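In: fold the following and give me the result.
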Amino acid sequence: MVSLDLIEAYFLCDISQCKGSCCVEGDSGAPLEKKEIAELEKALPVIWDDLSPEARAIIKKQGVAYIDCEGDIVTSIVNGKDCVFTCYDSDGTCKCAVEKAYREGKLSFYKPISCHLYPVRVKKYKDFSAVNYDRWKICKIAEILGKKEGLLLYKFLKEPLIRKFGQKWYESLSEVADEWIKQKQQESSE
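Out: Prediction:
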């Protein structure tokens, strides 16, 4: 089940403006799939020196993940906010140490899928999954830039959506989106 926001909302991250706030703000860590815990643990020796001393202490104490108040497996966090996998550029931009190592060719694991998909969240139910846009004030600049550039959310997230659901799923989503947009344009011109 896909929210209409995915095909109607505009979005383009502008990390130079938000400084990676989505990896810092929030009430718990990033949602994880069980198999991702092993990938993150395997990444630790490669990224360890990029992590803050506080993050290393948290990981030593509780591991890379914990169960949050909603019963979800999430990345461990530092001081109730920063993901333990954050690292900072010289200009104060928050980045993901796992993604950094991947881009440098040091890891084969990109980063948790929930991080790659953000600002979309996938909620699993018994018989289906819900794919929703998690609107958040820290991403307002990304909505403005996306609208300016004409980039719809599902197009911005093409790579992670394919990673999560597959190429055929994404092609089906694109077809539905194209039809939906045509229909909305016809209705507005009448």
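
In: going forward, measure contacts between C-alpha atoms and count neighbours the same way
Out: Will do.

In: list the buried ones in stretch 57-68?
Out: Counting neighbours by 16 or more other Cα atoms under 10 Å, one finds that the buried residues in stretch 57-68 are 58-59, 63-66.

In: show the end-to-end separation of that stretch, please.
Out: For stretch 57-68, the first and last residues are 19 Å from each other (Cα to Cα, to the nearest Å).

In: what average pLDDT does that stretch get?
Out: Taken as a whole, stretch 57-68 carries a mean pLDDT of 95.

In: can you list the residues that contact that stretch?
Out: 28, 37, 40-41, 73-78, 84 (Cα atoms under 8 Å, 6 or more residues apart in numbering).

In: the residues you listed in strands, which ones?
Out: 73-75, 77-78 (DSSP state E).

In: in CSV: the residues you listed, plus pLDDT, neighbour count and distance to Cys18.
Out: What follows is these, written out as CSV (pLDDT from 0 to 100; neighbours: other Cα atoms under 10 Å; distance: Cα to Cα, whole Å):
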residue, pLDDT, neighbour count, distance to Cys18
Ile73, 94, 19, 26
Val74, 94, 21, 22
Thr75, 95, 25, 21
Ile77, 93, 25, 19
Val78, 92, 20, 19
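
In: now tabulate those in TSV and tack on distance to Tyr88.
Out: Putting the ones in strands among the contacts of stretch 57-68 into TSV (distance: Cα to Cα, whole Å) gives the following:
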residue	distance to Tyr88
Ile73	25
Val74	21
Thr75	18
Ile77	15
Val78	14
